[in-house]
Structure formats: C-alpha cells, structure tokens
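S.K.: Okay, here's the prediction I keep looking at, along with the sequence it came from:
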Amino acid sequence: MDLHGKVALVTGAAHGIGLATAEQLLKNGVKGVAICDIDYKKGEDAAASVIKEYGKDRVIFIKTDVTKSNDLKEAFKETEETFGTIDIVVNNAGIIDDDHWETEVEINAKGVVRGTELALKYMGKDRGGKGGAVVNVASVAGLGKNSACPVYDGTKSFVVGYSRSISFPPLYKSHGVRILCMCPGFTDTPIAAGVLDAYEKLNFDKQKILSNVTMQQPDHVAEGIVHILREGEPGTVWVSDRCEPVYQVNFPELVKP
Ligand SMILES: NC(=O)c1ccc[n+]([C@@H]2O[C@H](COP(=O)([O-])OP(=O)(O)OC[C@H]3O[C@@H](n4cnc5c(N)ncnc54)[C@H](O)[C@@H]3O)[C@@H](O)[C@H]2O)c1
C-alpha cells in the first residue's frame, strides 16, 4: 500500500504506540489522521503537538471510548466527513488490568471487533467501499507465552485469532480489506509497567526481569506498523520485539477446509 494521500483512524492514539503510529503515518505521507482516545486531556494535548509538526488540516482528535459502539460509529463518521474517506484503521486501544478483567475484555477484544466491523462497513468492497487496511494490535503475550496476566494474554490471543480468521480467503475475497495483526514485545509505556507489576505480585523480581528485557520505544513499533501496512499480506501476524526489525509469525496449518 502506498500511504501517500491515505486517511487513517487510530484508536488509543493519545499516548504510547497509538500516538507514535499516528505520527509515523503522517511522516510517511498520509493525508489525515484521526486520533481517537477515551482520554480527552491527553488526546487534546497529543493532537496539539502533532498539529504543530504536521499542520491542523491533517489531524483531528475525537474523544472515543472503544467500549461504546456509538462513540466508535461517530468517530468513523467524523473522520470520513473531515477527510473525505477512510483507508487505514489501527485498532490499538488497550489496557492491562486483570483485576477488572471484564473491562479488559471489553476494550482489548470487543473493542477490536467493533473497530474492525466498522472498518469493513466503511472500506469493504462488498459494501461499496474501495478496500483498505486494518492493523489490530495484539501482543507477544497473545502468541501462547505464559505470563502473569492470563486474561490480558487471552484478549491478545483473541486478537491474533480473530485477525487471521476474518482474513480467511473466501471472506477476504468478499470484503477486500487487508487485516493485519501486530504483536509488540515490551515497549516503554504504562502497559509494560502493568505487566511487570503483575509479575511482582507473584513475587518475581522486577529488576531481574527488566535486566533480561530489551525495552523498545513506541516509535519502533509504529515503524513496524507502517512496514506491515506497506508489505503485509492479508491475515498475517507480525512481531515487533527487542528493537529488532519486524518479522512475520508462521503458524502450523492445522485445519484445512
Ligand atoms: N507497551 C507494551 O509493552 C505493549 C506490548 C504488547 C502490546 N501492547 C499493546 O499496544 C497497545 C497500545 O498500548 P501502549 O503500550 O501504547 O499503552 P498506553 O497506555 O501508552 O496507550 C493506550 C492508550 O489507549 C487508551 N485507551 C484506554 N482505554 C480506552 C478505551 N476504552 N477507548 C479508547 N482508548 C482507550 C489510553 O487512554 C491510552 O492513550 C495496547 O493494545 C497494548 O495492549 C503494548
């Protein structure tokens, strides 16, 4: 995909990987980005700083809670009304909080389905759209690694499986939207701190874990997201970890219909 002139909507974009992704997309030539986030103050501040760099015609902030269908619907509507179209959706909003697992499932799993369904409604060729691309942000925690946050991991496994299945060739043939999945490793944001806290609750030594981790910056993941938007085949799953270049995950072919 050539990013020039495209329009993107990014959820959870007031901070961390989402904000870095919005910036990388603009740096790489998209026409406009909608920064969607539940946090009004952070979102407004983020938009203001991005506007300083890229201009007010290319950025909007839309207060959006991905657990609320109407919020997301309004976000898509406003993005299309502002920039004329939507070509790229990054379902990135996420939390880590296994003590409030129902909210975690609402945001990390159901929020991704809501965002993907709307992306298909706006971009699906079977619905009169022109196609496009979606990146669903999962985690290396969703690739079967044991960790201290089972529900968080489960939501991320869901995102991996869902992104692959919604790209099942007969479905892709119909909607024509390239749906990709990005699995970041430890990235320097409050989510990484949350993972470490969960280990600490199980009496792991946080400092010891940290000494074995290569903490990457959100920009590194954002560059990976730009790369897979350009190169990724439908339904592919990618890892951005340890500051290394992104790579594609190979899955065993277990079921052949
Ligand atoms: N940081 C890591 O180590 C890491 C690793 C793997 C995956 N991830 C995933 O990357 C994504 C981005 O996380 P991050 O690390 O940048 O964290 P972050 O906390 O910096 O950013 C998350 C953003 O999501 C927003 N958000 C939370 N709930 C929301 C809701 N209901 N609706 C809309 N926005 C909401 C927050 O306000 C925040 O701006 C998440 O899905 C996370 O699970 C992060």
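M.R.: The structure has been received and is ready for your questions.

S.K.: Distance-wise, check Ile179 relative to the ligand.
M.R.: 16 Å (C-beta to the nearest ligand atom, to the nearest Å). C-beta here means a position set from N, CA and C on the backbone, and glycine is covered the same way.

S.K.: and Phe251, what is it in contact with?
M.R.: Applying C-beta atoms under 8 Å, 6 or more residues apart in numbering to Phe251 gives the contacts 164, 237.

S.K.: Which of the helices or strands spans it?
M.R.: Here Phe251, judged by DSSP states H and E, is contained in no helix and no strand.

S.K.: Surely Ile122 is in contact with Asp87?
M.R.: I think there's a mix-up here, since residue 122 is Tyr and not Ile. No. With contact defined as C-beta atoms under 8 Å, Tyr122 does not count as touching Asp87 (9.4 Å).

S.K.: Overlap in contacts, the two.
M.R.: Residues touching both Tyr122 and Asp87 by C-beta under 8 Å, 6+ apart: Gly132.

S.K.: These two: which is more packed in?
M.R.: When neighbours are counted by other C-beta atoms under 10 Å, Tyr122 and Asp87 differ, and Asp87 comes out ahead with 25 against 22.

S.K.: give me every residue that touches the residue nearest to that one when sequence neighbours are not counted.
M.R.: Distances taken as C-beta to C-beta, 6 or more residues apart in numbering place Lys6 nearest to Asp87, at 4.0 Å, with adjacent residues excluded. By C-beta under 8 Å, 6+ apart, the residues touching Lys6 are 25, 29-31, 87-88.

S.K.: Inside strands: which ones of the residues you listed?
M.R.: In strands, defined here by DSSP state E, the members of these are Ile88.

S.K.: Out of the contacts of Lys6, which is nearest to the ligand?
M.R.: Nearest to the ligand among the contacts of Lys6, counting by C-beta to the nearest ligand atom, is Leu25 at 15.0 Å.

S.K.: which element follows the helix or strand encompassing Val195 toward the C-terminus?
M.R.: For Val195, the element it lies in under DSSP H and E is helix 190-201. As assigned by DSSP H and E, the chain's next helix or strand after helix 190-201 is helix 206-211.

S.K.: ok, and does that following helix reach over to the ligand?
M.R.: No. Helix 206-211 is not in contact with the ligand by C-beta under 6 Å from any ligand atom; minimum separation 12.2 Å.

S.K.: which other residues reach that helix?
M.R.: In contact with helix 206-211 (C-beta under 8 Å, 6+ apart) are residues 196-197, 199-200.

S.K.: Could you pick out the residues of the stretch 101-250 of the chain near the ligand for me?
M.R.: Residues of the stretch 101-250 of the chain found near the ligand (C-beta under 6 Å from any ligand atom) are 107, 137, 139, 184, 186-187, 189-192, 218.

S.K.: wait, Phe61 sits on Asp37?
M.R.: Yes. Counting by C-beta under 8 Å, Phe61 does reach Asp37; the two are 7.5 Å apart.

S.K.: Brilliant, that's me finished.
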